[in-house]
Structure formats: C-alpha cells, structure tokens
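Participant: Sequence unavailable; structure follows:
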C-alpha cells in the first residue's frame, strides 16, 4: 500500500465580501469582543468550482547503491568474541576504504553481544558468546557495487542483509512527475468544463500528494548470506542489475469556472 504525503497550496483573491466585512467591523461598539480569526467565504463562488485529481509516474534507472552488512563472530568468552568481531569489522572497513568508499559513507548501524546457552541442560549453562555488528555503506556507484560486495566478503563480512538501489536524480524526476500530474489534472478539468458549456478561469486550490524520499530505494534482500548475495549479484563478473525505481506524483486541483 502506498502512503502519500500531502502539501497544500492556496491561491487567494480580494472580493467584495472582504470590503463588506471591514465596513461591518467599523460599526461595532467599542466594548464588543472581536474574534481572533475572521473567515470570509463567497458561497456562490464555491459552487462554481470543479475539483479533479491527476497522477503521473516516471521510471528512473538507479545509479547508486546502499549495502547493509553484518559481521558475526562466535567465541568461548565475551572478551574474545568482541575482540574477534572488532578485528573482522576493522578489516572490512579498511577494505571498503581501499576500494574508494569514503569514511562518511560507512556507518555502524547496530551491534549486540549475547551469551549462547545450552537449553538442554537443567542448569542452562553458557557455552559461548556471539556478537553481530551491522554496517551500513552508502553512496556506492552501481558499477562498483558487485566488486565491493565480493571483496568485503573476502575481508571478513559474513552477512549481507540487503542491497538498496536509488537514483541520485530522484528530485528532478519527481518534479517531472509533478508537472505531468498537473497536466493530467488540467486536461480532466478542461473536458469537464467543456461538457458543462463553461471554460476554466484559473486554479484556486492545489493539494500535492506523493513526495516520498524513502521510495527512491528499491531493495534486494539476500536472506543474510553474504556469499550467496555476492554470488547472486556478481556471478562470474556479471554486472549488478538494479532495474528501475518508480517516481510517482499526485495532485488534487480545484479550478474556478467562467460562465
């Protein structure tokens, strides 16, 4: 299910009702309490308005990737487990930097250390410790994603949770979709106006739905296996195929009609 954000834009004009309201206020007694907000509405004008919805979708090819790594270790003691995890993590980070990934694009997103218990024993004895550190690597050029994943696995990464693709031109593509949605709305309004023997006077109200920065990502979930994900994305040097990302805009527009 798609969830849309809404932004509203109003176009306002000066009517005779505003002037009449101002004259009425001038005649009030000095002791009369005035409301904080004065609303003036032209009911007749509201009846001469049509409202339509326009949608437009633009497809873009992603050019960047984001990879969610996991480094998992298991040792007999908590200290040894943490030390091994840190060593594997540092090796992976150094490999990433050596492949041209900026330090600002590497983030430790979460980590956890927990005991491993023998639940078959009445005493539930601790038989070891395990630790997982999740690493998020962003702003990876698509052309480098497969190579980076494969070499990261060789450096010590043993889990790839997901790979997400996005377009660096998402905002420009959304503006294109937004213009298309407005054109669709205007075409609908024009047809309705002509059917009613009227013409469009202008836009009086616009509501925008659809700007969703999070939807610029199209994700591939690997199931947690680093080696399987790396092979799937770069088997025998095969290029990463990110497909397309949909950019959708929707507007609701109200038009005033000429008689």
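Facilitator: Arrived safely. Everything numeric here is computed off the predicted structure, so don't read it as measured data. Numbering: from 1, shown residues only.
Participant: Would you map the helices across the chain?
Facilitator: If DSSP state H is used as the criterion, the helices of the chain fall at 16-26, 43-46, 78-98, 142-155, 170-195, 226-233.
Participant: my guess is residue 78 contacts residue 114, does it?
Facilitator: No: using Cβ atoms under 8 Å, residue 78 and residue 114 do not qualify as a contacting pair, with a distance of 9.2 Å. All C-beta atoms are positioned from the backbone trio N, CA, C, and that covers glycine.
Participant: Touching both of those two, which residues are there?
Facilitator: residue 129 (Cβ atoms under 8 Å, 6 or more residues apart in numbering).
Participant: More neighbours: which of the two?
Facilitator: Using other Cβ atoms under 10 Å, the more surrounded residue of residue 78 and residue 114 is residue 78, with 16 against 11.
Participant: Just list whatever residues bridge to the spatially closest residue to that one that is not a sequence neighbour.
Facilitator: Take residue 78 and drop its neighbours on the chain: the residue closest to it by Cβ to Cβ, 6 or more residues apart in numbering is residue 129, 4.7 Å away. For residue 129, the beta-bridge partners under DSSP bridges are residue 75, residue 115.
Participant: so where's the stretch 51-200 of the chain shaky on pLDDT?
Facilitator: 121 (pLDDT under 70).
Participant: Kindly state the beta-bridge partners for residue 106.
Facilitator: residue 137.
Participant: please begin residue numbering at 41 from this point
Facilitator: Renumbered: residue one is now 41, and that last one reads residue 146.
Participant: and it, how many residues sit next to it?
Facilitator: Residue 146 - counted by other Cβ under 10 Å - has 17 other residues nearby.
Participant: give the contact list for it.
Facilitator: Applying Cβ under 8 Å, 6+ apart, the residues near residue 146 are 133, 136, 137, 175, 176, 177.
Participant: repeat for residue 243
Facilitator: Residue 243 touches 51, 293, 294, 295, 296, counting by Cβ under 8 Å, 6+ apart.
Participant: Quick one: buried ones out of the residues you listed?
Facilitator: Neighbour counting over the contacts of residue 243 (16 or more other Cβ atoms under 10 Å) leaves 293, 294, 295, 296 as the buried ones.
Participant: sorry, back to before: among the contacts of residue 146, list the two that are farthest apart in space.
Facilitator: 137 and 176 (14.9 Å; Cβ to Cβ).
Participant: Between those two, which is the more surrounded one?
Facilitator: Taking neighbours as other Cβ under 10 Å, residue 137 and residue 176 compare with residue 176 leading, 17 against 13.
Participant: My read is that that one contacts residue 147, right?
Facilitator: Yes: using Cβ under 8 Å, residue 176 is in contact with residue 147, at 4.7 Å.
Participant: for the helices of the chain, which one sits closest to residue 98?
Facilitator: Per Cβ to Cβ, nearest to residue 98 of the helices of the chain: helix 210-235, 4.4 Å.
Participant: List the buried residues in that closest one.
Facilitator: Under 16+ other Cβ under 10 Å, the buried positions of helix 210-235 are 210, 213-214, 216-218, 220-222, 224-226, 228-229, 232-233.
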